[in-house]
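K.L.:
what's the 3D shape of this:
(one chain, ligands or ions: 1)
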Amino acid sequence: MVRIFIDPGHGGSDAGASGNGLTEKDLTLNIALTLDDVLNEQYDDVTTRLSRSTDTTVSLEERTNRANEWNADFFLSIHVNAGGGEGFESYIWNGNFTNKEETRRIRRTIHDTIVEQINWRDRGKKEANFHVLRQTSMPAVLTENGFIDNPEEAEQMRSEEWISSVARAHAEGIAEAFGIEESTESDPTPNTFYRVITGSFQTEANAKQRRYVLSKHGYDSFITEFHDGDSVYYRVVTGSFRNRDNAENRQNELRNIGFESFIVSFET
Ligand SMILES: [Zn+2]
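P.N.:
Predicted coordinates:
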């Protein structure tokens, strides 16, 4: 049984980074909870613990103490970057320690899997003297998943799809690094989302205008490109749901304020 300790960065009074109306502590928690579900539901011989499963303040000492006391095989700290940039980077401790080669091997597998799955710009495999990397007695990796202050990346972060894709990429990387087998009982059906499209435009500027108008009504949207032959359409996605009924409810709400929409299914 492989013990994976999942650490959603920040929480409670420590919000972490923020930008574009998003807060790091919420994103890291959502990714961590989804990763926890994926590992438990779809893989065999793996057990997990979280440093927090709600929006609570947990000190760095508590995080590493809990992982050490539990005797975890791996410590994963999930973060979202800020400060101007784009893409993905990961960290291991910059000190000298006995299992550094093993930590490097695990990090390489996880990092490369995530970059490939998300099609992210690779900012590199880095080292730093972070508490959670230094004070853990097992291999530990910290991931920085996109930039909250980058408008394009933040737009993706608003969707359940993004959270799910990032969590799944972490799960696949961990499974590969630790030789964890996918459960044969698990349902192999892909992850389907229902997207509510409130406009499909030939120019991105028009799509952005629609997104802006919808935001004035309190609806967050993101824009995706749809290719039809040689034509490209910019679709405004005002909600992406796992449940079709929820997508239809959104469609009705939008109709009530004067926006016609259609629903498309999307698989990750
Ligand atoms: Zn952080």
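K.L.:
Quick one, grab the pLDDT at the closest residue to the ion within the chain.
P.N.:
Residue of the chain nearest the ion, by CB to the ion: His79 (3.5 Å). In this view, the C-beta of every residue, glycine as well, is placed from N, C-alpha and C. Note on His79: pLDDT of 98.
K.L.:
That one and Glu176, how far apart?
P.N.:
His79 sits 21 Å away from Glu176, going by CB to CB, to the nearest Å.
K.L.:
For the two, indicate the residue with more neighbours.
P.N.:
His79 (26 against 14; other CB atoms under 10 Å).
K.L.:
what pairs with that one across the strands?
P.N.:
Going by DSSP bridges, His79 is paired in beta bridges with Glu144.
K.L.:
Identify the residues contacting it.
P.N.:
Neighbouring residues of His79 by CB atoms under 8 Å, 6 or more residues apart in numbering: 9-10, 16, 24, 28, 142-145.
K.L.:
before we move on, what about Glu89?
P.N.:
81, 122-126, 143-144.
K.L.:
Return the residues of the chain in contact with the ion.
P.N.:
9, 16, 79 (CB under 5 Å from the ion).
K.L.:
count of neighbours near the first one?
P.N.:
By the other CB under 10 Å criterion, the neighbourhood of Gly9 contains 26 residues.
K.L.:
Just give the closest residue to Met138, not the sequence neighbours.
P.N.:
Once flanking residues are discounted, Met138 sits nearest to Ala72: 5.2 Å by CB to CB, 6 or more residues apart in numbering.
K.L.:
The one you found and Ile4 touch, don't they?
P.N.:
Yes. Applying CB atoms under 8 Å as the test, Ala72 and Ile4 come out as touching, 6.8 Å apart.
K.L.:
Are there residues contacting both of those two? Which ones?
P.N.:
Arg49.
K.L.:
Do a quick rundown of the strands in the chain.
P.N.:
Applying DSSP state E to the chain gives strands spanning 2-8, 18-19, 22-23, 46-50, 74-81, 88-93, 122-128, 140-147, 192-201, 222-228, 231-241, 262-267.
K.L.:
so what are the domain limits for the chain?
P.N.:
According to automatic domain parsing, the chain comprises the domains 2-178, 192-267.
K.L.:
Just send the ones you listed back as a markdown table, with distance to Thr184 too.
P.N.:
A markdown table is the format used below for the domains of the chain (distance: least, CB to CB, whole Å):
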| stretch | distance to Thr184 |
| --- | --- |
| domain 2-178 | 8 |
| domain 192-267 | 21 |
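K.L.:
Out of the ones you listed, which one sits most buried?
P.N.:
Most buried of the domains of the chain by mean neighbour count (mean count of other CB atoms under 10 Å) is domain 2-178; its value is a mean of 19.
K.L.:
Endpoints of that domain, how far apart?
P.N.:
8 Å (CA to CA, to the nearest Å).
K.L.:
now it, how far from the centre of its chain.
P.N.:
9 Å (CA atoms, centre = their mean, to the nearest Å).
K.L.:
Use 44 as the first number for this chain going forward.
P.N.:
Okay, residue one is now 44; in that scheme the one you just asked about reads as domain 45-221.
K.L.:
what sits against the nearest residue to Arg164 once chain neighbours are set aside?
P.N.:
Closest residue to Arg164 apart from its sequence neighbours, by CB to CB, 6+ apart: Gly130 at 3.1 Å. By CB under 8 Å, 6+ apart, the contact list for Gly130 reads 163-166, 189-190.
K.L.:
With Ser226 instead?
P.N.:
Applying CB under 8 Å, 6+ apart, the residues near Ser226 are 84-87.
K.L.:
In this structure Met181 contacts Glu112, no?
P.N.:
No. Met181 is beyond contact range of Glu112, at 11.6 Å (criterion: CB under 8 Å).
K.L.:
which residues are in contact with both of these two?
P.N.:
By CB under 8 Å, 6+ apart, no residue touches both Met181 and Glu112.
K.L.:
so which of the strands of the chain comes closest to Leu78?
P.N.:
Of all the strands of the chain, strand 45-51 sits nearest to Leu78, with 6.0 Å by CB to CB.
K.L.:
per-residue pLDDT, Pro233?
P.N.:
67.
K.L.:
same deal with Gly261?
P.N.:
As predicted, Gly261 sits at a pLDDT of 79.
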